[in-house]
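Enquirer: Sequence first, predicted model second:
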Amino acid sequence: MQTTVPTRYWHSLKDNRIQCDLCPRACQLKNNQRGLCFVRANQNNQIVLTTYGRSSGFCIDPIEKKPLNHFLPGTAILSFGTAGCNLTCKFCQNWDISKSRELDKLAKPVSPEQLAETAQKLNCQSVAYTYNDPIIFHEYAIDVAQACRQRNIKSVAVTAGYICDEPRVEFFNYMDAANIDLKAFTEKFYHKLTGGHLQPVLDTLIYLKQETKVWFELTTLIIPEENDSETELEEMTQWIVENLGTEVPIHFTAFHPSWKMLDKPSTPVQSLITARNIALKNGMRYVYTGNVHDEIGGSTYCHQCRQKLIGRDWYVLSDWNLTPAGKCNQCGAICSGIFEAQTGTWGAKRQVVNI
């Protein structure tokens, strides 16, 4: 199978370089030079994707691990990624994949049709484009999503949302759900710790809310002394309510020392609880804590009567008090999300898959 394919989002410059227009980095490349993501390159005066159809591995996960708590709860999702990334997060939790510069890490060539067929055979209702950011394997992700749609399998993008306007429209046209990593709410954080900028991410969020039917949830990794101040959390959650509404779920997850931030301590549970309380105070209806054992912070509650709608302990579901129409069975209030009549039963299992 061909692993290098031409792309569309680029334009030529006057000095014999080509600018990649996929993401706001706008890498300007000489012939045979790679972009910061490492997987998009100038070859023969065009930008190509060099990792089409090659994955760093496949695994069946609970969909709550993406994390998505309001999209087909309890179901199994087939997860895969490639290598490389268009951000340089010093705290990357998947650095061995996203920071990989070794093409032999991509040991598993799989066509979009093979991937969709495998998901169907394994009774996965959706496929997750994850581990590294699917934005950078834009063409492969879209082809996989098209193959999945032919089999009625949903597509879930786990992404930082760092993408330009035109490719953003095409990419999310093929996604059914997404988890957007809103890493912080200051330009200083984005510039210092990710090598990117905040505004393009906010633009993606507003686009998803106003222009698409994609179900999306947010994740913020709380890093001690970097993005955990009450002031920043107040500003972030107020912006979310004002621009995205009260119904978008957010996951505040715990940082653990990794990659180039080994000097930072793990996030105290209380910091996540504080973030959750601030978000709830500012009107967000569905606020979760992650990467810690916190059944209260992991469960879904009715925004009107506060009944526990979906009980969660890590990735294991317990209580289920939603009607088939997705309403609280006590007061009738609608719980926002994409639900089936009954919860899935996959649980917390993680199953490696060979294709």
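Expert: Arrived safely. Numbering: from 1, shown residues only.

Enquirer: so where's the longest helix in the protein?
Expert: If you go by DSSP state H, the chain has its longest helix at helix 230-244.

Enquirer: Run through who's touching that helix.
Expert: 182, 184-186, 202, 205-206, 209, 218, 220, 248, 250, 274-275, 278-279, 282-284 (Cβ atoms under 8 Å, 6 or more residues apart in numbering). Just so you know, the C-beta spots here come from the backbone N, C-alpha and C atoms, and that holds for glycine as well.

Enquirer: Just the buried residues of it, please?
Expert: Buried residues in helix 230-244, counted by 16 or more other Cβ atoms under 10 Å: 232, 233, 236, 237, 238, 240, 241, 244.

Enquirer: Tell me how far the fifth one lies from residue 12.
Expert: When you say that, I think you mean residue 238. Applying Cβ to Cβ, to the nearest Å, the value for residue 238 to residue 12 is 43 Å.

Enquirer: cool, and the second one?
Expert: When distances are taken as Cβ to Cβ, residue 233 and residue 12 turn out to be 44 Å apart.

Enquirer: I'd say residue 320 and residue 345 touch.
Expert: No. Proximity of residue 320 to residue 345 does not meet the contact threshold set by Cβ atoms under 8 Å, at 10.8 Å.

Enquirer: So for these two, which sits in the more crowded spot?
Expert: Neighbours were counted for residue 320 and for residue 345 using other Cβ atoms under 10 Å; residue 320 has more, 16 against 9.

Enquirer: could you list every residue that touches the more buried one?
Expert: Listed by Cβ under 8 Å, 6+ apart, the contact set of residue 320 reads 309, 310, 311, 342, 343.

Enquirer: For it, grab phi and psi.
Expert: Main-chain torsions, residue 320, degrees, to the nearest 10: phi -140, psi 100.

Enquirer: Name whatever forms a beta bridge with it.
Expert: For residue 320, the beta-bridge partners are residue 310 (DSSP bridges).

Enquirer: Can you get me the start-to-end distance on stretch 144-157?
Expert: Distance between the boundary residues of stretch 144-157 (Cα to Cα, to the nearest Å) amounts to 12 Å.

Enquirer: what comes into contact with that stretch?
Expert: Under the contact criterion Cβ under 8 Å, 6+ apart, stretch 144-157 has outside partners 63, 66, 68, 71-72, 77, 112-113, 115-117, 119-120, 124-130, 134, 141, 171-172, 174-179.
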